[in-house]
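S.K.: Fold the following for me, if possible:
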Amino acid sequence: MKIGNIELGDFPLLLAPMEDVSDPPFRSVCKKNGADLMFTEFISSEGLIRDADKSVQKLDIYDSERPIGIQIFGDNIESMKKAAKISEQAQPEILDINYGCPVKKVACRGAGAGILLDLNKMQKMTEEIVKQVKIPVTVKTRLGWDENTIKIIEVAERLQDAGIKALTIHGRTRKQMYKGEANWEYIAEVKNNSRISIPIFGNGDIDTPEKAFEYKNRFGVDGIMIGRAAIGNPWLFDEIKYFFKYRKKRNSPSLEERIKAVKNHLNFSIKWKGEKLGLIEMRRHYSNYFRGIANFKEHRLKLIHSENIKESTALLDEIYNIYSCLLYTSPSPRDRG
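M.R.: Coordinates of the predicted model:
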């Protein structure tokens with residue numbers, strides 16, 4: 001399967017762009033565990049053209065992450081055109097447009113999912129962005145603004161006509177936010193539309209290998225994008241691939257694997273943002289990495305209040321020594337080689 005000339009394998013697994021999550025340290029951990037294509041956090045077009053530090057820093061990409069896409073959002077066509085050119089200079093393989101963010105401060109200003117209320121503007125904006133760059137342009141969107149405005153078939157056709165090379169569809173409306181179940185029936189309708197020739201990726205509620213396998217076969221998509229389910233569980237990508245190949249589940253990640261992933265994430269975070277900020281950025285991740293471990297609150301609080309990398313590493317080693325005799329007594333397939 002290809003996006004433009006980018007080869008992604010038979011059934012690629014994509015890491016979703018997630019605000020305050022999909023930074024280089026997190027992407028690195030997901031890449032090591034099977035993600036085929038990843039995207040940056042979504043970047044404000046206005047922030048980019050104004051050279052805002054926070055927006056510019058999100059352009060940081062590393063060769064070890066490739067192929068990678070940069071995602072931008074905004075409501076002004078001229079600003080989006082300029083942001084597209086700036087993003088291309090960071091040399092990603094793909095430029096992705098966010099037409100799906102449901103957050104009020106984005107969508108209610110006409111960006112993200114808000115543009116689904118003005119399909120003429122959406123098509124015009126997409127056409128102009130495609131003209132601005134030489135790399136493939138893709139889009140991530142939702143079914144519609146609400147259940148009364150679901151026009152995803154028309155949206156897909158217009159976006160393809162505008163020149164995009166792939167489309168990811170989250171199976172919820174903007175009104176749903178992240179509530180209820182994602183409706184993949186609409187995604188299948190897009191995929192089965194005879195007019196559609198570009199790859200179609202499904203997104204929403206994929207949190208187990210079994211569900212990934214079921215949805216792959218049931219809805220016929222070209223690949224799957226995974227978001228929230230990968231937070232604290234970057235192994236999900238490899239677990240899905242293992243299930244596809246052997247039709248059985250891998251063992252859960254061992255405690256040793258969890259500790260190793262946390263250390264890699266932490267070290268990259270400090271390398272990228274410096275020790276003080278890197279430690280702060282990691283705080284939100286500890287509870288997710290150690291989800292399900294009994295009586296972990298005390299250790300999590302120690303990690304959160306750690307003041308340097310040496311202390312954090314010592315705490316992680318202590319956690320391993322305490323819990324290694326209690327958890328994951330059977331080695332995972334990865335430990336067995």
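
S.K.: Break down the stretch 201-337 of the chain into its helices, ranges please.
M.R.: Here the stretch 201-337 of the chain has its helices, by DSSP state H, counting those that start in this stretch, at 209-219, 236-246, 255-273, 275-282, 286-289, 297-304, 309-323.

S.K.: For residue 89, find the nearest of those helices.
M.R.: Closest approach to residue 89 among the helices of the stretch 201-337 of the chain is made by helix 255-273 (19.6 Å; CB to CB). Heads up, the C-betas are built off the backbone N, CA and C, glycines and all.

S.K.: mind putting the helices of the stretch 201-337 of the chain in JSON lines, mean pLDDT, distance to residue 134 and mean neighbour count included?
M.R.: Listed next are these as JSON lines, based on pLDDT from 0 to 100; distance: least, CB to CB, whole Å; neighbours: other CB atoms under 10 Å:
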{"stretch": "helix 209-219", "mean pLDDT": "98", "distance to residue 134": "32", "mean neighbour count": "16"}
{"stretch": "helix 236-246", "mean pLDDT": "98", "distance to residue 134": "29", "mean neighbour count": "19"}
{"stretch": "helix 255-273", "mean pLDDT": "96", "distance to residue 134": "28", "mean neighbour count": "19"}
{"stretch": "helix 275-282", "mean pLDDT": "96", "distance to residue 134": "33", "mean neighbour count": "17"}
{"stretch": "helix 286-289", "mean pLDDT": "95", "distance to residue 134": "38", "mean neighbour count": "19"}
{"stretch": "helix 297-304", "mean pLDDT": "96", "distance to residue 134": "44", "mean neighbour count": "15"}
{"stretch": "helix 309-323", "mean pLDDT": "96", "distance to residue 134": "41", "mean neighbour count": "16"}
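
S.K.: In the sheet, which residues pair with the residue lying closest to residue 97 once chain neighbours are set aside? Tell me.
M.R.: Nearest residue to residue 97, sequence neighbours excluded (CB to CB, 6 or more residues apart in numbering): residue 139, at 4.9 Å. Beta-bridge pairing of residue 139 under DSSP bridges involves residue 97, residue 167.
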